[in-house]
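# Only the shape, not the letters, is given here:
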């Protein structure tokens, strides 16, 4: 009996065909029987099918907003986007920048310095000298002499009183200045005493304005780094 009943149920289910036209007719009758809305002043109450569509749209909007929120929460910040600063970086020890000789003292620790013009210059040529005196040996030393590129300035050479093989030397134009740079080679040292570094150059005929010329000397002693600097006279 049970097997026969199950077989008849399967046969009935397989042969069933829904009457689409009848279903639509029942829906239309139900909508026609909707009680009329009371007349009120103001906007007309929405039709039943509009209420269905509106409710569906509202549900879809909520689902879409939720999906967007979840997606946005998991998205990484795009490359190049602005970020809040994590705080100031740890302070680092820096050496004085070239061209700031006027902001440095002429004497600091074991170092003393002076900038001067060699008296043997003439109306077309000059030699600017940086004198460095140290009361202790120096494990590192860099001397920079900057000559403003005014009045036809052009290098004609340089020299220093310390051994030539102990230094690397350069003379180049940088940011409107002729810059002479002497750097002590690794493994060498500067003895205590007075030492001279000189830069030579041509200039236009007459007196040249040296108000922007300056020098710096940065050194390292057994007790740490030290720097001195200064300028030259207003004219030469």
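Yes, it's here. Remember, predicted model here, so these are calculated numbers, not experimental data.
# What pLDDT does the model give residue 233?
If you check residue 233, the pLDDT there is 70.
# excluding its backbone neighbours, what's nearest it?
Residue nearest to residue 233 in three dimensions, not counting chain neighbours: residue 210, with 5.9 Å by Cβ to Cβ, 6 or more residues apart in numbering. In this view, the C-beta of every residue, glycine as well, is placed from N, C-alpha and C.
# same check, this time on residue 128
residue 199 (5.3 Å).
# what number of residues lie near the one you found?
27 (other Cβ atoms under 10 Å).
# List the residues that contact residue 217.
111, 113, 130, 132, 141, 142, 143, 144, 227, 228, 229 (Cβ atoms under 8 Å, 6 or more residues apart in numbering).
# Could you measure from the third one over to residue 123?
It refers to residue 130. Residue 130 is 23 Å from residue 123, where distance means Cβ to Cβ, to the nearest Å.
# what's the answer for the last one, then?
Summarising the geometry, the distance separating residue 229 from residue 123, computed by Cβ to Cβ, is 29 Å.
# Looking at those two, which is more packed in?
residue 229 (25 against 11).
# Now name the helix or strand holding that one.
Using DSSP states H and E, residue 229 maps to strand 224-231.
# Which strands or helices does that strand pack on?
Contact partners of strand 224-231 among helices and strands, from 3 or more Cβ pairs under 8 Å, 6 or more residues apart in numbering; DSSP states H and E: strand 107-108, strand 111-117, strand 214-221.
# still on that earlier bit, with distance to residue 162 added, can I get the contacts of residue 217 in a markdown table?
Formatted as a markdown table, the contacts of residue 217 follow (distance: Cβ to Cβ, whole Å):
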| residue | distance to residue 162 |
| --- | --- |
| 111 | 15 |
| 113 | 15 |
| 130 | 12 |
| 132 | 10 |
| 141 | 9 |
| 142 | 13 |
| 143 | 10 |
| 144 | 15 |
| 227 | 18 |
| 228 | 17 |
| 229 | 19 |
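# now, the most widely separated pair of those residues?
Across these, no pair lies farther apart than 111 and 144, at 14.3 Å, counting by Cβ to Cβ.
# And those two? Which one has more around it.
Shown here are residue 111 and residue 144; by other Cβ under 10 Å, residue 144 has more neighbours (27 against 22).
# Residue 155 against residue 177, yeah?
No. Counting by Cβ atoms under 8 Å, residue 155 does not reach residue 177; the two are 11.4 Å apart.
# State the pLDDT value of the residue nearest to residue 233.
We note a pLDDT of 90 for residue 210 in this prediction.
# Next one: residue 142 relative to residue 194, how far apart?
Distance of residue 142 to residue 194, computed by Cβ to Cβ: 18 Å.
# So for the two, which residue has more residues nearby?
Remark: of residue 142 and residue 194, residue 142 carries more neighbours, 18 against 11, as counted by other Cβ under 10 Å.
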